[in-house]
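Colleague: Predicted coordinates and the sequence they were generated for:
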Amino acid sequence: MEKTFNRLAGAVAHATGRPWAFSLCLASVLIWAASGPIFDYSETWQLVINTGTTIITFLMVFLIQNTQNRDGAAIQAKLDELIRSGQGKNDFIGIEHLTEAEVEEFRAACTRAKERQVAA
């Protein structure tokens with residue numbers, strides 16, 4: 001089930017980021033707006049666009065978040081491997097799991113190291 005969801009989430013995220021998807025959405029809104037006079041701008045006419053956009057937005061949030069989570073984890077794994085295999089400090093591996101204050105300590109240490117390097 002997870003692999004199927006990941007494939008679906010990736011495909012939807014890829015497809016919705018394309019120009020044709022935006023054009024389709026824009027055309028839908030324009031057609032809806034143009035049909036307003038035909039339906040006397042009724043509550044049902046308004047409900048159609050509100051319901052449609054709410055459902056699509058609700059579903060897209062989960063699909064895009066899933067894709068971003070996987071992408072972020074993959075990038076983090078790549079960075080960790082570069083640190084591990086290179087000249088970086090291994091202390092930085094896994095800092096994404098620390099608290100914000102702990103990460104800020106690492107950032108401050110990097111700033112101090114940079115300033116020492118520039119001064120030397």
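Modeller: Yep, that arrived.

Colleague: Only C-alpha atoms from now on, for both contacts and neighbour counts.
Modeller: Will do.

Colleague: After the lengthiest helix in the chain, heading C-terminal, what element do we hit next?
Modeller: When the chain is parsed with DSSP state H, its longest helix is helix 43-85. Next helix or strand after helix 43-85 toward the C-terminus (DSSP states H and E): helix 100-119.

Colleague: Quick check: which helices or strands does that following helix pack against?
Modeller: For helix 100-119, there is no helix or strand it packs on, judged by 3 or more Cα pairs under 8 Å, 6 or more residues apart in numbering; DSSP states H and E.

Colleague: that older thread, what average pLDDT does the longest helix of the chain get?
Modeller: Mean per-residue pLDDT for helix 43-85: 90.

Colleague: go on, stretch 15-27?
Modeller: On average, stretch 15-27 scores 92.

Colleague: Distance check, residue 81 against residue 75.
Modeller: Counting by Cα to Cα, to the nearest Å, the gap from residue 81 to residue 75 is 10 Å.

Colleague: swap in residue 52?
Modeller: Residue 52 sits 34 Å away from residue 75, going by Cα to Cα.

Colleague: before we move on, what about residue 46?
Modeller: For residue 46, the distance to residue 75 - Cα to Cα - is 42 Å.
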